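Student: model this:
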Amino acid sequence: MPAKPIITLDFPGNRTFTVVNHDILKEKVDGIVSSATNDLAYDLGIAATIADAAGHRLKTEIGSITRERGLIPSGEIVLTTAGDLPYKGVIHAVSPKAGELSGYILLKKALMSAFEVAGKKGWKSVSFPAVGSGVHALAVDRCAAAYVAAAYDYYKENPSTTLTTIRLCLINYQLADAVVKFVEHARIKMMEWDVAKPIAVASSTPGQGYQVFLSFKNLDKDGNPTRDSLLAQELYEYFTGRGLTVFFSERTLEALGVASYKGAIDNALDAAQVLVAVGTSAENLNSKWVEYERETFYIDILNETKPNGRIFSYVDGVQANKLPRTLKQMQCIQHGPDAFERLYRFVANALGHEAGAGQEPQ
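Tutor: Next up is the predicted model:
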């Protein structure tokens with residue numbers, strides 16, 4: 001069966017990251033990646049499939065490596081020949097296991113290392129499977145984010161690489177949906193490749209950075225302020241009145257006279273330790289910029305750029321099962337009496353803010 005393209009992310013220099021529904025052993029590429037355990041065992045999952053197809057030579061080579069090196073740490077790779085397979089080599093990416101510390105970082109590291117080896121070997125193309133999502137049981141969102149981030153960062157850091165094609169072979173549609181979400185996020189992020197370095201953004205309190213970022217859809221299709229923006233403005237007034245420094249795009253950007261909207265947004269996202277997604281509909285919460293802000297912040301939490309970062313949602317009329325995937329994992333506050341105070345206490349506790357320190361949300 002021919003490969004069924006799902007989505008492609010194009011990079012400068014005719015380089016691509018393509019997600020396909022396809023059997024990795026039928027890929028017409030220079031080399032492939034296999035998902036590996038610390039002992040390079042090949043008795044389960046995609047590792048067994050690849051090793052069985054590669055045959056005795058590959059299994060013998062793996063045995064020699066493990067006798068010499070012992071256990072391979074998570075996040076590292078091992079390059080072998082391809083045995084009976086029609087490839088220039090197989091790169092065994094050692095995936096972290098569910099619950100292992102820094103799982104996202106280690107998975108991304110392993111994949112980036114695989115791409116780097118492929119590039120140094122002069123390969124023009126490489127395919128990899130859903131590393132970490134099977135036997136290792138890593139969370140779908142963490143895997144999807146790592147796959148896209150590894151390709152994104154590799155091409156950004158290696159603009160002249162010979163590796164012009166990176167392909168991800170998937171058969172899990174839930175995982176495919178998550179990967180598509182992160183690819184769309186990466187497309188927005190790539191806008192910064194073509195513009196000057198974002199300008200610095202001042203804080204709402206001199207000498208301090210933003211503590212809270214309010215994310216919301218500002219205008220409806222007719223150009224009128226949304227109910228979301230009105231709720232966000234009320235939250236802004238409430239939070240700043242309680243001593244928090246808050247990025248509220250409509251007011252903050254106007255006050256700063258900022259010309260680079262995306263640059264200002266990115267700097268504020270970098271500074272904040274808490275993001276509050278405000279929404280009155282699932283559609284608004286999934287709008288382009290709201291999703292970009294949320295997923296940028298979430299990836300910073302995953303890669304431990306924000307080890308103490310927190311995301312909350314504040315919604316009116318949105319059922320929990322309709323929330324975007326990322327927000328389903330987070331604390332959600334429904335609009336109503338005392339809701340602003342409840343949200344403030346969650347945020348203050350997350351920040352260690354003295355007005356909320358030691359107070360448990362009711």
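
Student: pLDDT below threshold where in the stretch 201-350 of the chain?
Tutor: 201-208, 250-261 (pLDDT under 70).

Student: Got phi/psi on Val20?
Tutor: Main-chain dihedrals, Val20, degrees, to the nearest 10: phi -130, psi 150.

Student: I meant to write Ile166 there.
Tutor: According to degrees, to the nearest 10, Ile166 has phi -120, psi 130.

Student: Report the contact partners of it.
Tutor: Neighbouring residues of Ile166 by Cβ atoms under 8 Å, 6 or more residues apart in numbering: Thr16, Phe17, Thr18, Phe115, Ser125, Val126, Ser127, Phe128, Ala151, Tyr154. The way it works is simple: take the backbone N, C-alpha and C, and place the C-beta from them, glycine included.

Student: Could you count how many residues lie near the fifth one?
Tutor: Using other Cβ atoms under 10 Å as the criterion, Ser125 is surrounded by 18 other residues.

Student: That one contacts Val29, correct?
Tutor: Yes: contact status for Ser125 versus Val29: in contact at 3.9 Å, counting by Cβ atoms under 8 Å.

Student: Are there residues contacting both of those two? Which ones?
Tutor: Joint contacts of Ser125 and Val29 (Cβ under 8 Å, 6+ apart) are Thr165, Arg167.

Student: hang on, the earlier thing: can you tell me which of the contacts of Ile166 end up in strands?
Tutor: Thr16, Phe17, Thr18, Ser125, Val126, Ser127, Phe128 (DSSP state E).

Student: And these, which of them are buried?
Tutor: Thr16, Phe17, Thr18, Ser125, Val126, Ser127, Phe128 (16 or more other Cβ atoms under 10 Å).

Student: Show me where the stretch 101-250 of the chain has its strands.
Tutor: All strands of the stretch 101-250 of the chain, identified by DSSP state E, counting those that start in this stretch, fall at 125-128, 165-170, 212-215, 246-247.

Student: Remind me what the first one packs against, helices and strands.
Tutor: Spelled out, it's strand 125-128. strand 31-36, helix 103-120, strand 165-170 (3 or more Cβ pairs under 8 Å, 6 or more residues apart in numbering; DSSP states H and E).

Student: Which one of these lies nearest to Asn267?
Tutor: Closest approach to Asn267 among these is made by helix 103-120 (23.3 Å; Cβ to Cβ).

Student: What are the contacting residues of the closest one?
Tutor: By Cβ under 8 Å, 6+ apart, helix 103-120 touches 30-31, 33, 74-77, 79, 91, 93-97, 100, 126, 128, 131-132, 138, 142-143, 145-147, 149-151, 153-154, 158, 161-163, 166, 302-304.

Student: Surely Ser229 is in contact with Asp220?
Tutor: No: counting by Cβ under 8 Å, Ser229 stays clear of Asp220, with 9.3 Å between them.

Student: can you tell me the helix or strand for the closest residue to Lys217 other than its chain neighbours?
Tutor: In this structure, Lys217 finds its nearest non-sequential neighbour in Asn284, 4.1 Å apart by Cβ to Cβ, 6 or more residues apart in numbering. Following DSSP states H and E, one finds Asn284 within helix 282-285.

Student: May I see the buried residues of that helix?
Tutor: Of all the residues in helix 282-285, those buried under the rule 16+ other Cβ under 10 Å are Ala282, Asn284, Leu285.

Student: Please apply the same query to stretch 24-40.
Tutor: Quick answer for stretch 24-40 (16+ other Cβ under 10 Å): 24-25, 27, 29-38, 40.

Student: mind putting these in a markdown table, pLDDT included?
Tutor: What follows is those, written out as a markdown table (pLDDT from 0 to 100):
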| residue | pLDDT |
| --- | --- |
| Ile24 | 96 |
| Leu25 | 97 |
| Glu27 | 97 |
| Val29 | 98 |
| Asp30 | 98 |
| Gly31 | 98 |
| Ile32 | 98 |
| Val33 | 98 |
| Ser34 | 97 |
| Ser35 | 95 |
| Ala36 | 94 |
| Thr37 | 93 |
| Asn38 | 94 |
| Leu40 | 94 |
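
Student: nearest to Gly317, of the residues you listed?
Tutor: Closest to Gly317, out of all of the buried residues of stretch 24-40 and judged by Cβ to Cβ, is Ser35, at 42.3 Å.
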